[in-house]
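Student: Sequence and predicted model, in that order:
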Amino acid sequence: MILLAALLIVAIPPPAHSDTQTLVQLGVFIDTYRTTNVTDPDLAPNQPGGEIYVTVRVSNLPDVTSSSAGGLQGFDISLNYSTTVYRILGYDYNGPNCSRDDTCVYANTTQSNSLVLNSTVDSNQGILHLAMVVLDPSLRAHGSGVLFKVHFQIIGRGKSQFAIMQSSRLFGYSNNCGLPLAYTATSAWIDNRRPYRITADPPPSPFPVGQKVSVKVTVWKVNAFGDGYVTLILSSWPGPSGANYSFAPRTDQLSSSQHITNFNSTMTLYAPTGTQQATYYPEIIAHLNTTLDQSYEARLIYPVTVGAGYTLSSPPPIPAQAQSVALTTPYLDTPSDTPLPLLASFTATTATAGVPVSFTPTVCGGTSPYRLQWGFGDAFVNSSSLDAPGIVAPTTHTYTSPGQYSVRLNVTDSMGLTLTASRTLSVTGNPSTSPDAIRTILLVTIVPVVLLGALMYLKRGWSRRR
């Protein structure tokens, strides 16, 4: 029966977005920073403490109005993230990793009262897919809180989004059935890029000895942490003896308030005549003057080969942390327009031989009307129809003898979809027909009558002798 409940959150129609005043709000929150969007170059890749927690939050959930309606029964959410910047370390919707202190709405669920329907990570596309449903209606969520929490490790730099994919679904509850809940979704992003980006024009080319070579270097401000005075440095140069370099200007200002987003500098390189052929890999470094933190600088490798032949070597790959990368475009899927899947279950009253048993089915999803067929496990069958989803009026059946019976409910919707729900029913004997009961009746009724008759006979015999 639990597996049948899993069908509840598969292939739900896309959410409507017509009335943002009453719709449920679904969004991503950078829990480590207590905000939605973060810029922080200190989030360096593969460093101790280079981890963050991201939560998927929901608000404006409907109230639980009765035992059969209201609240949130579950969710089926896909979260898109950048695999070049983040690696998932763990995620959960309950337990110590997502507790009431974290405002997790399903913190009190367990394996017996909730069901995980999907729990996968696609590390190629960068998709976390988590789906669950509560089996106990009293655990339906309402109001606002956290649906689940994700633990990420920082493995790269970039400005990347955490996006709720369009196929994601929320499940409300009405007439004892799950139903798609309309919502609006918002994403979040983290920008841990270095504050600057460097370009060089012309790119590395044959380097003549004995002459000065000029290169236009441009420093671009990437984010707000790039505000301030920036100094240019050339690392690993001079290479050959007597070589030198210069920048003009060496230091300049970048400012968001003054709309200064970049500046140009002329880098001049010189290698003296007689320099032996060799390959050098100097790095152009743009560094914020107010800090020594390497997270607040940008580096560009500018490889050159000098000497005989003036040939240019192939540059080595630029390290991922050297240059900033652009905003990661989230992977987007297409929402499904498939109707709710067909779902059926039933309950039964205590079964005793000779006493009618009530079977109460619940049918959800599919396309109404429905046809219901019962098999009671003792060669008897029954059928009925249902116009709309929900709890159906009970069907009764009487078993003539005790035993184990396999009861099956076959449901077919108007589109021909079928589903079978089954369970084993234990039928006990009726106390009024059990051997012990018969013996009791004999002892209580027949035996006293026989004894009374015998006494009367003996008494009559004694009277005649007198």
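Tutor: Done, it's in. Please read these numbers as outputs of a predicted model, since none were measured by experiment.
Student: all strands of the stretch 1-150 of the chain, in order?
Tutor: 24-30, 37-39, 51-61, 64-66, 69-70, 74-80, 86-92, 114-122, 127-134, 143-154 (DSSP state E, counting those that start in this stretch).
Student: Adding distance to Ala278, write those strands out as CSV.
Tutor: Glycine gets a C-beta too; all of them are placed from N, C-alpha and C. As requested, these are exported to CSV (distance: least, Cβ to Cβ, whole Å):
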stretch, distance to Ala278
strand 24-30, 48
strand 37-39, 41
strand 51-61, 42
strand 64-66, 76
strand 69-70, 76
strand 74-80, 47
strand 86-92, 39
strand 114-122, 46
strand 127-134, 48
strand 143-154, 37
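Student: In the chain, which residue is most central in space?
Tutor: Leu130 (3.5 Å; Cα atoms, centre = their mean).
Student: Tell me what it is bridged to.
Tutor: As for beta bridges, Leu130 partners with Ile77, Ser119 under DSSP bridges.
Student: Is it correct that Thr412 is in contact with Pro369?
Tutor: No - Thr412 is beyond contact range of Pro369, at 9.8 Å (criterion: Cβ atoms under 8 Å).
Student: Tell me which of these two has more neighbours.
Tutor: Regarding Thr412 and Pro369, a neighbour count based on other Cβ atoms under 10 Å identifies Thr412 as having more, with 16 against 13.
Student: which stretch of helix or strand covers that one?
Tutor: Assigned by DSSP states H and E, Thr412 belongs to strand 403-413.
Student: To what extent is the nearest residue to Leu419 once chain neighbours are set aside buried, counted in neighbours?
Tutor: Sequence neighbours aside, Leu342 is the residue nearest to Leu419 in space, at 4.6 Å (criterion: Cβ to Cβ, 6 or more residues apart in numbering). Neighbour count for Leu342, taken as other Cβ under 10 Å: 21.
Student: wait, what's in contact with Leu342?
Tutor: By Cβ atoms under 8 Å, 6 or more residues apart in numbering, the contact set of Leu342 is Leu7, Val363, Cys364, Gly365, Gly366, Val411, Asp413, Leu417, Thr418, Leu419.
Student: Over to Phe380?
Tutor: Contact analysis of Phe380 by Cβ under 8 Å, 6+ apart lists His397.
Student: gap between it and Val407?
Tutor: 11 Å (Cβ to Cβ, to the nearest Å).
Student: coming back round to it: out of the strands of the stretch 1-150 of the chain, which is the most enclosed?
Tutor: strand 74-80 (a mean of 25; mean count of other Cβ atoms under 10 Å).
Student: where are the low-confidence patches of the stretch 1-150 of the chain?
Tutor: Across the stretch 1-150 of the chain, the ranges flagged by pLDDT under 70 are 1-21.
Student: can we see that at 90?
Tutor: 1-23, 42, 44, 46-50, 67-68, 73, 95-97, 111-118, 131-138 (pLDDT under 90).
Student: Mind listing residues that contact whichever helix or strand comes after the strand holding Thr412?
Tutor: Using DSSP H and E, the helix or strand that directly follows strand 403-413 along the chain is strand 418-427. Here strand 418-427 makes contact (Cβ under 8 Å, 6+ apart) with 1, 4, 7, 342-346, 348, 351-353, 357, 361, 366, 377, 399, 401-412.
Student: Spatially, which residue comes closest to Leu89, not counting chain neighbours?
Tutor: His151 (4.3 Å).
Student: and Gly210, how many residues sit next to it?
Tutor: 10.
Student: Gln111 too?
Tutor: Residues near Gln111, counting by other Cβ under 10 Å: 9.
Student: same question, Leu372
Tutor: Per other Cβ under 10 Å, the neighbour tally for Leu372 reads 19.
Student: Spit out the contact partners of it.
Tutor: Pro361, Val363, Ser383, Ser384, Ser385, Leu386, Val392, Leu409, Asn410, Val411.
Student: State the helix or strand in which Val209 lies.
Tutor: Per DSSP H and E, there is no helix or strand for Val209.
Student: That one contacts Val304, doesn't it?
Tutor: No - the pair Val209 / Val304 is not scored as a contact, 11.1 Å apart, by Cβ under 8 Å.
Student: on that earlier part again, out of the strands of the stretch 1-150 of the chain, the one nearest Tyr173 is which?
Tutor: strand 69-70 (6.1 Å; Cβ to Cβ).
Student: circling back: between Val209 and Val304, who's got more neighbours?
Tutor: Val304 (23 against 18).
Student: Cross-check the contact I'm expecting between the more buried one and Pro282.
Tutor: Yes - look at Val304 against Pro282 with Cβ under 8 Å: they come within range, at 7.5 Å.
Student: ranges for the helices of this structure?
Tutor: 2-5, 435-441, 447-465 (DSSP state H).
Student: weakest of these by average pLDDT?
Tutor: Of all these, mean pLDDT reaches its minimum on helix 2-5 (a mean of 40).
Student: Ser214 touches Thr266, doesn't it?
Tutor: Yes - using Cβ under 8 Å, Ser214 makes contact with Thr266 at a distance of 5.5 Å.
Student: before we move on, the earlier item: can you verify my assumption that the residue nearest to the centre of the chain contacts Val121?
Tutor: No - applying Cβ under 8 Å as the test, Leu130 and Val121 come out as separate, 9.3 Å apart.
Student: quick one, what contacts Asn60?
Tutor: Here Asn60 is in contact with Thr22, Leu23, Val24, Gln25, Ser144 (criterion: Cβ under 8 Å, 6+ apart).
Student: Please tell me how far it sits from Ala188.
Tutor: Taken as Cβ to Cβ, the span from Asn60 to Ala188 is 18 Å.
Student: ditto for Leu170
Tutor: Separation of Leu170 from Ala188 (Cβ to Cβ): 18 Å.
Student: what do you get for Tyr91?
Tutor: For Tyr91 relative to Ala188 (Cβ to Cβ), the value is 16 Å.
Student: repeat for Ser241
Tutor: 53 Å.
Student: cool, Ser138 as well?
Tutor: Ser138 is 32 Å from Ala188, by Cβ to Cβ.
Student: Mind checking which of these two has more residues around it?
Tutor: Ala188 (20 against 9).
Student: out of everything not next to it in sequence, what's closest to that one?
Tutor: Here the residue nearest Ala188, using Cβ to Cβ, 6+ apart, is Val28, at 4.0 Å.
Student: what's the answer for Phe162, then?
Tutor: Closest to Phe162 by Cβ to Cβ, 6+ apart is Val28, at 4.4 Å.
Student: same thing with Asn176?
Tutor: That would be Ser68: by Cβ to Cβ, 6+ apart, it lies 4.6 Å from Asn176.
Student: My guess is that neighbour contacts Asn175. True?
Tutor: Yes - using Cβ under 8 Å, Ser68 is in contact with Asn175, at 6.1 Å.
Student: shared neighbours of these two, anything?
Tutor: Ile391.
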